[in-house]
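Engineer: here you go, sequence then predicted model.
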Amino acid sequence: MRTSRRNLLAAGIAAASLAAPAVRGLAGRRTAIKAVAFDGFPIIDPRPVFAKAEELFPGKGEALSQIWRTRQFEYTWLRTLGARYADFWQVTEEALLFAAKALKLQPGVAERAQLMQSYLALQAWPDVRPALIMLRDAGIRMAFLSNLTAAMLDAAVKNSGLEGFFEGHLTTDRVQAFKPDPRAYRMALDAFRLDKEQIAFAAFAGWDAAGAKWFGYPTFWVNRAGAAGEELGVAADGVGAGLGDLVDFVLG
């Protein structure tokens, strides 16, 4: 069974992987997983946003993207700690303004709009659809558990033709607290009405994998970028390059 799945997904994984590490799974798992809560970016490919930054600011797009991406998540954490929630769309625009200012760039209204709207044009990674089909056919329930707004998630689902795979979006707007706040991760318990051990969390970032593990979910890190693991005292139960590895982890 494992071999047949790997063969079916090989082409998609090869196209999507960015030299990430080989799969590592949780040995001897006793409780069957019945649902998967996905962060947005194991499903959604964000690279076109950063390509747009380089297109608009040649030679400076990479630096702009790096500061922008870092500030996005720093602002989510600060707003949660300070009880000053704003949705991820607003946080993303504020982080963009900071990044431009830090690099002494002056994007006009049109350039800012292009960068922001690029988030609404994103599509799924190439390995996503076959993996979701396998999970769905195995009876696994699925939903996003993401900092992204419902509108951002809806756009990516529509752009990718993935309607019908996911239950209602568990966006942090529901609880007014960004991950890794426990209120965010708890949404999957309330939505799926399953035990923690029956819900796998699929993370894109190492810090998110740590947060989900702290909360108590069986956690799989879809480490597409081959990033170093965080030093936070916990490790994901499984790590792999793409959604094919997640399928193996979930279905065992």
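Structural biologist: Yep, it's here.

Engineer: what about the strands in the stretch 1-150 of the chain?
Structural biologist: 35-38, 141-146 (DSSP state E, counting those that start in this stretch).

Engineer: deepest of those, which one?
Structural biologist: strand 35-38 (a mean of 26; mean count of other Cβ atoms under 10 Å). All C-beta atoms are positioned from the backbone trio N, CA, C, and that covers glycine.

Engineer: that one pairs with which strands, parallel or anti?
Structural biologist: strand 141-146 (parallel), strand 199-203 (parallel) (DSSP bridges).

Engineer: what's the closest of those strands to L132?
Structural biologist: Nearest of these to L132, taken as Cβ to Cβ: strand 141-146 at 6.9 Å.

Engineer: where in the protein is the helix or strand with the lowest mean pLDDT?
Structural biologist: helix 2-16 (a mean of 40; mean pLDDT, DSSP states H and E).

Engineer: need the distance between the two termini of stretch 209-229.
Structural biologist: The straight-line separation of the ends of stretch 209-229 (Cα to Cα, to the nearest Å) is 9 Å.

Engineer: would you agree I140 is in contact with A32?
Structural biologist: No - using Cβ atoms under 8 Å, I140 makes no contact with A32, being 9.8 Å away.

Engineer: between these two, who's got more neighbours?
Structural biologist: Using other Cβ atoms under 10 Å as the criterion, I140 and A32 rank with I140 on top: 18 against 12.

Engineer: got the phi and psi for the more buried one?
Structural biologist: For I140, the backbone dihedrals are phi -80, psi 130 (criterion: degrees, to the nearest 10).

Engineer: let me see the domain layout of this structure.
Structural biologist: 2-45+123-251, 47-121 (automatic domain parsing).

Engineer: dump the residue contacts of the residue most central in space within the chain.
Structural biologist: For the chain, the residue nearest the mean C-alpha position is F41 (2.8 Å; Cα atoms, centre = their mean). The contact partners of F41, taken as Cβ atoms under 8 Å, 6 or more residues apart in numbering, are 204-205.

Engineer: thanks a lot, catch you later.
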